[in-house]
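Asks: Provided below are the primary sequence and the corresponding predicted coordinates.
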Amino acid sequence: MNRIAALLPLALLTGMAWGATPDAGGDVSVRVEIQGEVVRVGAEATIPASVREVWDVLTDFENLPRFISNIASSKVLARNGNVLRVSQTGKAGFGPFTFEFQSIRELTLTPFEHFESRMVEGNMKRFRGTTRLESFAGATRIRYQSEAVPDTMLPLDLARSTIESETREHYQEISREVLRRKGIASGR
């Protein structure tokens, strides 16, 4: 059963998520492609906020447990210029089961444009992801792509809908946090 847990951090390792609920005036699309043992996740979302406001939430690694429901801890272990090592633990669900996960990722930040993420330790054989931000029609569009090889014996097709829904949920939580902070900054 612990090997199933290797699938669930895919949603979390998406470079931290983005998205918006229909109430927030944004949109999000998530697609998961599985070929053999390789899982590719692509997502695109729009948040009605500035690039800086979205960036500040996406890269607030120390505070992620406050607004991402299944992250128990998130800590920056090291920083060398724009390269960070981030350790995270948490729990994720797969049907009636809940599993703990942990990862250490190396992130290379290009402020307000994009960041690259790769797992150096954790529940995957391999993970790489890219998150890009761009100003779009008075909002911020985020484009995300990742490629991972989970360390699991479970048929990956069984996990497709879980990966999609967990990813979407994280994006909604990030969107709510961006909009919450934006409301605080404007005095609402």
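Replies: Perfect, I can see it now. Numbering: from 1, shown residues only.

Asks: Which pLDDT value goes with Tyr171?
Replies: The model reports Tyr171 with a pLDDT of 80.

Asks: Enumerate the positions of the helix or strand hosting Arg126 that are buried.
Replies: Using DSSP states H and E, the element containing Arg126 is strand 124-136. In terms of neighbour count (16 or more other CB atoms under 10 Å), strand 124-136 has its buried residues at Met124, Phe127, Arg128, Gly129, Thr130, Thr131, Arg132, Leu133. Bear in mind the C-beta positions are built from the backbone N, C-alpha and C, glycine included.

Asks: Tell me the one of those nearest Thr108?
Replies: Checking the buried residues of strand 124-136 against Thr108 with CB to CB, the nearest one is Thr130 at 9.8 Å.

Asks: so the closest one sits right up against Tyr144, yeah?
Replies: Yes: between Thr130 and Tyr144 there is a contact under CB atoms under 8 Å: 7.0 Å.

Asks: Now do the strands in this structure.
Replies: 27-35, 38-47, 71-80, 83-94, 97-110, 114-122, 124-136, 139-150 (DSSP state E).

Asks: now those strands in JSON lines, with mean pLDDT and distance to Asp157?
Replies: As requested, the strands of the chain are exported to JSON lines (pLDDT from 0 to 100; distance: least, CB to CB, whole Å):
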{"stretch": "strand 27-35", "mean pLDDT": "89", "distance to Asp157": "6"}
{"stretch": "strand 38-47", "mean pLDDT": "91", "distance to Asp157": "10"}
{"stretch": "strand 71-80", "mean pLDDT": "97", "distance to Asp157": "26"}
{"stretch": "strand 83-94", "mean pLDDT": "88", "distance to Asp157": "13"}
{"stretch": "strand 97-110", "mean pLDDT": "88", "distance to Asp157": "17"}
{"stretch": "strand 114-122", "mean pLDDT": "97", "distance to Asp157": "22"}
{"stretch": "strand 124-136", "mean pLDDT": "94", "distance to Asp157": "18"}
{"stretch": "strand 139-150", "mean pLDDT": "93", "distance to Asp157": "12"}
